[in-house]
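J.: pasting the sequence and the predicted coordinates here, then a few questions.
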Amino acid sequence: MLIITLFFWSCSDKKERQLASSDRLDSLFFDSTSVDFDLDKIRKRGSVRVILENTSTGYFLYKGRAMGFHYELAKQFCDENNLDMEIVLENDFNRSFQMLLHGEADIIAHSLTKMKDRLEIVNFVNPHYEVKQMLIQHLPEGWEKMKKHEIEDKLIKSPSELIGKKIHVKKGSSYLTRLQNLSEEIGGNIIIVEKDGDITTEELIVMVAEKEIEYTVADEDLANVGATYFNNIDVKTPVSLPTQVSWVVRKNAEGLLAELNSWMAAMQRKPDFNVLFNRYYDDPKGFRKRAQSDYSTITGSNISPYDDLIKKYAMDIQWDWRLLAALIYQESQFNPKEESWVGAQGLMQLVPGTAAEFGAKNILDPEQNIKAGTRYLQWLQDYWKKHIDDASVLEKFVLASYNSGQGHVLDAVRLAEKYGKNPEKWEDSVEFYLLQKSKPKYYKDPVVSSGYCRGSEPVNYIKSIYTQFDIYTQFFN
C-alpha cells in the first residue's frame, strides 16, 4: 500500500525555516541529533517514509498513473520487504534533510551527490550510477539556420569561459558547491545566483530554454532528459568529473542502510534495473510523449481526458471527484473501449444489463458510461446509507458492492452478525468475513445466499482505489 504524506511548517517553526534557508547543511544541523528509528522500528510500524521530488525522474503522474525512476525503485524495495510506502513530497534539500533527521522520513530518494557537509549527518546508500555535472545553456539566436560548427563557436565549451557569467542553481544543491570550487580552479569569479530551495533543477532547465536565465547546471542524466524536452538548449559542457549519486538515510539507521545496500546490489544485477533506468533516462520517444501530454503533472494539469465529466457526475452523487477518478482508473485506466473477460465495458466497466438499467444506450460513450456508472453508485449508496451512518464506512460498502456485487457484501454483513461482530463496521468485521467467503465453512453457511467469493479481490480493490485517491489529492485540488 502507498500512503501520501504532506508536511507543513507552522508559525512556531519560524526559526527552523530561517535555518533551512542556509546553503550549508552543517550549519542547519550542527546541534541536532537524529531520532533513533532504525529498520526494526520501521518493520514494527509497517511502513517506510520516503521523500521524493516532483520531477520527471522522481515522482509524477502520467495519465493517472504514478511514475518516476526513484518512485518505482523505492516502491519495489518496499514491496519486496512487505512494507507500505509513505510518500513525502518535498523539493527543498534542506527541509528534506531536516525531516529525515527528525524522523518524519526514513529515506531521501533523490539522486544525491556525496558532499562533506552531508556525509557528517547522513549515510549514503550504495550508488545508483555515476554522473557528471553539465552546463545548461541556450543555443544562439538563429541556431535553426546555422551549421553545426557555427553553433558550437558561439557556445561555452570550457569551464574557463564561465568567468563573469551568471549561473542560477538551486540553493543547498551540490551544484552550488561545485561552482564555488570551479571559481577557485579557473582563477576567476563565476556569478552564482542561488534560487529558492523549492524550485527543481528541471524548472531551472525550463527557464534556460525559455530564456528567463542564461545558464544553470544539472547532473548529466537530468541534463539529457532536458535536452530531449527542448531542442534549443545545449547540455554537452561538463563542469565536473564523474561523481556517484545515491539515496541517503540517517547516520544511526544502520540496519536500514544494510538492507538497502544489500537490496540495491541485487537489484542492479537484474535486467529490471536497466529497464527502469532506460525508461526514465534513455527513452527520448517516451520523454517527448510525456512532455507533450496534458495528462502529466510535469507539464499538464489534468488526470485524464474525462476530468470535466468526472467532476460533473461526482457532484451529482456528492463524491470527491478524485475518488471517482481513482475508481475509473482502477476499472479501465481511462480507456473508454476497455472490455473485461466477463463482458464489462467502458470507463466504469459496466455489464450491458447494468448499463441499460441506469440509462446508457451506448455503453462505450464516455459520458453515458460515467453517467450510468455514477447512477449505479448512487443506487448502492442509497441502499447502504439506510444501515450505515459513517460516511467513510459507507464508501467502503459501496465500493465493495460495485466490485463484487451487493449480494456478497450482504453475505459478509450476515456473517458478521452471526459471529458477534458489528455489521456496520468495515475493518475487522465485514471486511474480514468478505475475505472468509472463499472458504467452504463460510460460503456454505446457511446465512450466505450468494455463495463463493474471492473476497481478496474487493478488499484489495478498495485499498487500491484509496491509494490512487491519495496520490490524486497530492497533485490535484
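T.: Thanks, I have it.

J.: so residue 197 touches residue 91, yeah?
T.: Yes. Judged on C-beta atoms under 8 Å, residue 197 makes contact with residue 91 at a distance of 7.3 Å. Where C-beta positions appear, they are placed from N, C-alpha and C, glycine not excepted.

J.: now do the strands in the chain.
T.: Under the criterion DSSP state E, strands of the chain are mapped to 2-5, 47-52, 60-62, 65-67, 84-89, 107-113, 122-124, 129-131, 133-138, 166-170, 191-195, 215-219, 233-238, 243-250.

J.: could I get those in TSV, plus columns for distance to residue 404, mean pLDDT and mean neighbour count?
T.: Output for the strands of the chain, formatted as TSV (distance: least, C-beta to C-beta, whole Å; pLDDT from 0 to 100; neighbours: other C-beta atoms under 10 Å):
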stretch	distance to residue 404	mean pLDDT	mean neighbour count
strand 2-5	23	53	18
strand 47-52	27	97	24
strand 60-62	28	94	21
strand 65-67	24	94	19
strand 84-89	24	94	21
strand 107-113	36	94	25
strand 122-124	46	95	21
strand 129-131	45	90	17
strand 133-138	52	97	24
strand 166-170	49	96	21
strand 191-195	51	95	16
strand 215-219	47	96	26
strand 233-238	52	96	19
strand 243-250	39	94	22
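
J.: next one: residue 118 from residue 195, what distance?
T.: Residue 118 sits 19 Å away from residue 195, taking C-beta to C-beta, to the nearest Å as the criterion.

J.: before we move on, what about residue 439?
T.: Separation of residue 439 from residue 195 (C-beta to C-beta): 59 Å.

J.: hang on, the earlier thing: could I get the strands of the chain as a markdown table with distance to residue 466?
T.: Listed next are those as a markdown table, based on distance: least, C-beta to C-beta, whole Å:
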| stretch | distance to residue 466 |
| --- | --- |
| strand 2-5 | 9 |
| strand 47-52 | 15 |
| strand 60-62 | 16 |
| strand 65-67 | 14 |
| strand 84-89 | 12 |
| strand 107-113 | 22 |
| strand 122-124 | 32 |
| strand 129-131 | 35 |
| strand 133-138 | 40 |
| strand 166-170 | 34 |
| strand 191-195 | 36 |
| strand 215-219 | 35 |
| strand 233-238 | 41 |
| strand 243-250 | 27 |
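
J.: residue ranges of each domain in the chain, please.
T.: Taking automatic domain parsing as the reference, the chain has its domains at 2-124+249-291, 133-241, 307-475.

J.: now the second one, how far from the centre of its chain.
T.: Same thing as domain 133-241. How far domain 133-241 lies from its chain's middle: 27 Å, per C-alpha atoms, centre = their mean, to the nearest Å.

J.: end-to-end on it?
T.: 8 Å (C-alpha to C-alpha, to the nearest Å).

J.: check the last one too.
T.: As for domain 307-475, its first-to-last residue distance stands at 14 Å under the measure C-alpha to C-alpha.

J.: ok so, going back, for the strands of the chain, which one sits closest to residue 352?
T.: Closest to residue 352 of the strands of the chain, according to C-beta to C-beta: strand 65-67, at 28.0 Å.

J.: strands paired with the closest one, and their directions?
T.: Strand 65-67 pairs in its sheet with strand 60-62 (antiparallel), by DSSP bridges.

J.: what's near enough to touch residue 58?
T.: Residues in contact with residue 58 (C-beta atoms under 8 Å, 6 or more residues apart in numbering) are 52, 68, 69, 70, 71, 109, 110.

J.: tell me how many other residues crowd the nearest residue to residue 406 once chain neighbours are set aside.
T.: Among residues not flanking residue 406 along the chain, residue 380 sits closest, at 6.6 Å (C-beta to C-beta, 6 or more residues apart in numbering). Neighbourhood size, residue 380 [other C-beta atoms under 10 Å]: 20.

J.: same check on residue 212?
T.: Residue 212: 11 neighbours (other C-beta under 10 Å).

J.: do residue 99 as well
T.: The number of residues packed near residue 99 is 20, by other C-beta under 10 Å.

J.: ok, the residue lying closest to it once chain neighbours are set aside to residue 48 distance?
T.: Nearest residue to residue 99, sequence neighbours excluded (C-beta to C-beta, 6+ apart): residue 105, at 4.6 Å. Computed with C-beta to C-beta, the distance linking residue 105 and residue 48 is 9 Å.

J.: ok, now residue 122?
T.: Residue 122 is 16 Å from residue 48, by C-beta to C-beta.

J.: next: residue 165.
T.: 42 Å.

J.: swap in residue 323?
T.: With distances taken as C-beta to C-beta, residue 323 is found 25 Å from residue 48.

J.: check residue 35 too.
T.: 15 Å.
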